[in-house]
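*Asks:* all I have is the shape, not the residue letters:
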Ligand SMILES: COc1cc(/C=C/C(=O)SCCNC(=O)CCNC(=O)[C@H](O)C(C)(C)COP(=O)(O)OP(=O)(O)OC[C@H]2O[C@@H](n3cnc4c(N)ncnc43)[C@H](O)[C@@H]2OP(=O)(O)O)ccc1O
């Protein structure tokens, strides 16, 4: 496992195609011949990438090269592990996916083709999911005699509900892109070939927000949503107070009042 318990440089950067366009960093899973199966090298490289995000990056887009997002855990690396090794492996994935979920900037997953097992768990850690019609979602762990190990049992039920996840895992049900979006997994369903274009369009909009608002949405909103209402309302008031006293908010509100910025328009 090398440096698995720290998720520091044991990743294989050649398994990712990383590009920066302005404030948007794109991370492409680069094992198309293996349907972007996730081996330790690629998982750790994703972790390295999020650990060393350049300061000027304001949005990250994750996608898969070829026709698929990811076929999940690289089954050729699945060997017999004793309980401790199994725990270490799963917790290594958890650390990497936590870096995505708790990233200081929003992360968008652009999905097409197979979004399976650990690949689906990876997509769950992103904040926004954009799916093409070719995308399909499955958890074949039951068929392989294993269990989800990348945080899927925590994140997926929060998106689609426990009952649907149970159905997926027990019956091997495969959700289509349409089902995945109507059940709340993907927030956007776009036409064939358009997931990256849409993801980049969304990234541009997000990057134009006040950084403090994005930060509050990422860091505070999930905690507020899960807090008891009294705690949540207090956290909301505190966050609102901090945000509105920031110079950036003052500048942006003045620009609107002076008719120097765009109005809200229906899309
Ligand atoms: C337990 O602790 C864990 C667990 C986990 C996470 C678990 C999981 O992710 S379980 C799910 C594992 N994934 C699968 O079962 C999917 C398997 N793949 C397929 O069903 C198909 O390959 C496909 C994705 C539907 C694509 O089909 P097709 O386009 O026809 O391509 P193929 O010819 O089948 O594949 C081409 C080539 O890629 C190899 N490959 C594909 N997927 C995988 C994979 N997941 N692992 C390894 N290799 C894969 C395939 O064998 C072919 O190879 P060739 O050498 O024959 O060309 C997380 C953490 C824990 O601690």
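*Replies:* Received, thanks. Since the model is a prediction, treat every value here as computed from it, not as a measurement.

*Asks:* of all the residues in the host helix or strand of residue 224, which ones are buried?
*Replies:* If you go by DSSP states H and E, residue 224 is part of helix 211-226. For helix 211-226, burial by neighbour count (16 or more other Cβ atoms under 10 Å) applies to 212-216, 218, 220, 224. Just so you know, the C-beta spots here come from the backbone N, C-alpha and C atoms, and that holds for glycine as well.

*Asks:* which of these lies closest to the ligand?
*Replies:* residue 218 (24.3 Å; Cβ to the nearest ligand atom).

*Asks:* what's the closest non-adjacent residue to the closest one?
*Replies:* residue 106 (6.3 Å; Cβ to Cβ, 6 or more residues apart in numbering).

*Asks:* against residue 96, how distant is the one you found?
*Replies:* For residue 106, the distance to residue 96 equals 17 Å [Cβ to Cβ, to the nearest Å].

*Asks:* between those two, point out the one with more neighbours.
*Replies:* Neighbour totals were compared for residue 106 and residue 96, and residue 96 leads with 27 against 21 (other Cβ atoms under 10 Å).

*Asks:* pretty sure that one sits against residue 41.
*Replies:* No: if you go by Cβ atoms under 8 Å, residue 96 and residue 41 don't touch, sitting 11.9 Å apart.

*Asks:* residues contacting the closest residue to residue 63 other than its chain neighbours?
*Replies:* Spatially, and ignoring its direct neighbours in sequence, residue 63 is nearest to residue 110 (4.1 Å; Cβ to Cβ, 6+ apart). By Cβ atoms under 8 Å, 6 or more residues apart in numbering, the contact set of residue 110 is 61-63, 69, 130, 195-196, 198-199.

*Asks:* how many neighbours does residue 228 have?
*Replies:* Neighbour tally, residue 228, other Cβ under 10 Å: 7.

*Asks:* the helix or strand where residue 130 lies packs against which elements?
*Replies:* Here residue 130 sits within strand 128-131, counting by DSSP H and E. Counting contacts by 3 or more Cβ pairs under 8 Å, 6 or more residues apart in numbering; DSSP states H and E, strand 128-131 is packed against strand 107-111, helix 177-182, strand 188-189, helix 195-207.

*Asks:* partner strands of the shortest one, with direction?
*Replies:* Here the strand partners of strand 188-189, with direction, are listed using DSSP bridges: strand 128-131 (parallel).

*Asks:* count the residues that sit near residue 143.
*Replies:* 11.

*Asks:* which residues does it contact?
*Replies:* Contacts of residue 143 (Cβ under 8 Å, 6+ apart): residue 172.

*Asks:* give the buried residues for stretch 246-255.
*Replies:* residue 252.

*Asks:* give me the contact list for it.
*Replies:* Residues beyond stretch 246-255 that count as contacts (Cβ under 8 Å, 6+ apart) turn out to be 210-212, 243, 261.

*Asks:* what sits against residue 29?
*Replies:* Contacts of residue 29 (Cβ under 8 Å, 6+ apart): 15-16, 36, 38, 42, 62-65, 69-70.

*Asks:* of the residues you listed, which ones also sit close to the ligand?
*Replies:* Subset of those in contact with the ligand: empty, counting by Cβ under 6 Å from any ligand atom.

*Asks:* of these, closest to the ligand?
*Replies:* Closest to the ligand, out of all of these and judged by Cβ to the nearest ligand atom, is residue 38, at 7.1 Å.

*Asks:* against residue 227, how distant is that closest one?
*Replies:* 33 Å.
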